[in-house]
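Peer 1: Pasted the sequence and its predicted model underneath.
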Amino acid sequence: MSAIFALLWTFTMLPHTLIVHNLGLGIGALIGVYVIALNWRLLFTRQAIPIWLILLFFLWMGIHLLFIGKNLGLQLAEYLSVWKRAALGSLFGVGFGISVIQANQSRNWTIVVIGLFAPTFIYYLKYLATFILPAFGQNAPDFLRLYFGSAEFYVPKISYVFYCLPALALALGMLLRQLRKVTQLDVLKVKASLFWIAMVFLVLGVFYLENIKNGIMYAFVLIILFLLGIFRGGAYKASKFSLSIVFFISLVIAALVLNNLRMNATWANLLADLDMVRVSSPEVVWKTAEPYYPLNKNGVPVASTNFDRAFYFGTGLSLLKQNPLGYGLVQSSFGHLAQERWPNAPLIQSHSGWLDLALGLGVPGALLLLASALAAIQKVDTAVEPWSIFGAWTLGGILILYISTEVAQKNYVDTFVWLIVLVASLSLQKISGRTGAL
């Protein structure tokens, strides 16, 4: 089951790997059902509340499909793809969580860590194949090349953020744990700290090389949380090594943020562009099929990345007030609802994952997902280390990512759902008798 997790996290973001994804979910679900059958009593404890909230979420989605949704054809197709994968993944998540927390073998942890960091390593493999091999007169095959636009093997930036940010979060969580224990003479702990530091910088390197503003922004948020944990726990007092690591990481992230501000001219006009959102209405912006972008107070056209995010968010909130039960689709409910009032509106996301979930699944659906995720993070604190750190930091990274990233689509949502269930299952306590751990 650890290997299935690693395969799912490695290949889900890559094109032409659907068979690996579906096989992993199918086999994982079958094993999960077996483990659940042997440990069903665990599901009737307080620790299982997040799992029951997910079950309520699936019930809500069924009710939404039959009685509330506004586009039965599209909603049924999505129900049989996204939500089928989410259900299979949830069965796998419960079984894996129960098994791994009861077996608690170091090899399971090693496989999971490898899988979680695999998307980062794959990026560097593609980078070397794309930019280094040609220098030696070799051309990489298409599937090993990086693409910066629509192409058969193109991996969008959002996929790198979704599948690499949890790895960064885990590395920071584990590094925080190490720095609370490390001393200058404890060579093994120093080596472990250096490993997690390397993982932090490898993920940051992906965001930097791809110039992913969301990645840099949320990496900054996670590192602030890491630094707060350092000073709150007094880890900086443990040794000069710990203090030097804190200073070094702070210096690097500050340099990355400043460089990102310099590389992206859109930051310079951010406030001026946001001012224009207040005086822009959908009737004007979507008057024609080509969106209208006004001039800001500096006399230059607003940057689409700045203007769209704020404009879509404000428009999405107004649509949510009128449609609190949602349109019914994970994919582009914002666009469908907007087109009902403004026919020239594009079929797109709102740039906020949580807002898109609310517009698609309704406020009850979004709240059930949020409540189950928060409950899973709170309860996983009772799990043994390092699984408690894995649960809190990886799921926490996904939670904040949904604030301003358009990840309410494709495989991101079903992965989010089964990750919630997996993290919740890590807190289930062992009951005497047969454990069914695989």
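Peer 2: That came through fine. Bear in mind the structure is a predicted one, so any value in this text is a computation, not a measurement.
Peer 1: Just after the host helix or strand of Phe220, pick out the following helix or strand.
Peer 2: In this structure, Phe220 sits in helix 213-233 according to DSSP states H and E. As assigned by DSSP H and E, the chain's next helix or strand after helix 213-233 is helix 240-263.
Peer 1: Quick one: mean pLDDT over stretch 76-86.
Peer 2: Averaging pLDDT along stretch 76-86 yields 93.
Peer 1: start at 42 instead
Peer 2: Taking 42 as the first residue, the last one we looked at is stretch 117-127.
Peer 1: got the buried residues for the helix holding Phe261?
Peer 2: Of all the residues in helix 254-274, those buried under the rule 16 or more other C-beta atoms under 10 Å are 254-261, 263-264, 266-268, 270-271. C-beta coordinates here come from the backbone N, C-alpha and C atoms, glycine included.
Peer 1: what does stretch 123-130 give?
Peer 2: 123-124, 126-130.
Peer 1: How about residues contacting it?
Peer 2: 49, 62-63, 66-67, 69-70, 99, 102, 371, 451-452, 454-456, 458-459, 462 (C-beta atoms under 8 Å, 6 or more residues apart in numbering).
Peer 1: Mind checking which of those are buried?
Peer 2: Buried among the contacts of stretch 123-130 (16+ other C-beta under 10 Å): 49, 62, 66, 69-70, 102, 371, 451-452, 454-456, 458-459, 462.
Peer 1: I'd like the distance between the spatially closest residue to Ala181 that is not a sequence neighbour and Arg273.
Peer 2: The shortest distance from Ala181 to any non-neighbouring residue, by C-beta to C-beta, 6 or more residues apart in numbering, is to Ala170 (3.6 Å). Separation of Ala170 from Arg273 (C-beta to C-beta, to the nearest Å) stands at 43 Å.
Peer 1: about what we covered before: can you name every helix or strand that the helix holding Phe261 contacts?
Peer 2: helix 198-220, helix 228-250, helix 281-304, helix 428-442 (3 or more C-beta pairs under 8 Å, 6 or more residues apart in numbering; DSSP states H and E).
Peer 1: The helix or strand encompassing Leu100: what's the following helix or strand?
Peer 2: Leu100 is located in helix 90-104, with elements delineated by DSSP H and E. Sequence order places helix 113-120 as the next helix or strand after helix 90-104, per DSSP H and E.
Peer 1: then that following helix to PDB, C-alphas only?
Peer 2: Extracted C-alpha coordinates of helix 113-120, given in PDB (Å, rounded to 0.1, in the frame of the first residue of the first chain):
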ATOM      1  CA  LEU A 113     -27.300  16.700 -15.100                       C
ATOM      2  CA  GLY A 114     -25.300  15.500 -18.100                       C
ATOM      3  CA  LEU A 115     -22.100  17.200 -17.200                       C
ATOM      4  CA  GLN A 116     -22.600  16.600 -13.500                       C
ATOM      5  CA  LEU A 117     -23.200  12.800 -14.100                       C
ATOM      6  CA  ALA A 118     -20.000  12.600 -16.200                       C
ATOM      7  CA  GLU A 119     -18.000  14.300 -13.500                       C
ATOM      8  CA  TYR A 120     -19.700  12.100 -10.800                       C
END
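Peer 1: starting at the chain centroid, how far to it?
Peer 2: Mean C-alpha position of helix 113-120 versus that of the full chain (C-alpha atoms, centre = their mean, to the nearest Å) differs by 24 Å.
Peer 1: Check stretch 320-332 too.
Peer 2: 32 Å.
Peer 1: in that stretch, what's buried?
Peer 2: Those would be 321, 323, 326-327, 332, for stretch 320-332 by 16+ other C-beta under 10 Å.
Peer 1: Let me see the mean pLDDT of it.
Peer 2: 88.
Peer 1: Can you pull out the residues in contact with it?
Peer 2: With C-beta under 8 Å, 6+ apart, stretch 320-332 has contacts from 333-335, 345, 348, 352, 356, 379, 382-383, 385-387.
Peer 1: Strands - which of the contacts of stretch 123-130 land there?
Peer 2: Among the contacts of stretch 123-130, no member falls in strands (DSSP state E).
Peer 1: how about the helices in the stretch 292-441 of the chain?
Peer 2: Ranges of helices within the stretch 292-441 of the chain are 311-319, 323-326, 345-363, 374-382, 394-420, 428-442, based on DSSP state H, counting those that start in this stretch.
Peer 1: sorry, back to before: surely the residue nearest to Ala181 forms part of a helix?
Peer 2: Yes: with DSSP: H, G, I helix; E, B strand; the rest coil as the criterion, Ala170 is assigned to a helix.
Peer 1: Quick check, it in contact with Arg186.
Peer 2: Yes: between Ala170 and Arg186 there is a contact at 6.2 Å, judged by C-beta atoms under 8 Å.
Peer 1: if we can go back for a sec, from the buried ones among the contacts of stretch 123-130, which land in helices?
Peer 2: 49, 62, 66, 69-70, 102, 451-452, 454-456, 458-459, 462 (DSSP state H).
Peer 1: what's in contact with the worst-scoring helix or strand of the chain on mean pLDDT?
Peer 2: One helix or strand of the chain scores below all others by mean pLDDT, DSSP states H and E: helix 281-304, with a mean of 75. In this structure, residues lying in contact with helix 281-304 by C-beta under 8 Å, 6+ apart are 216, 220, 223-225, 231, 234, 238, 241-242, 245, 248-249, 252, 254, 257, 260-261, 264, 267-268, 271, 276-277, 308.
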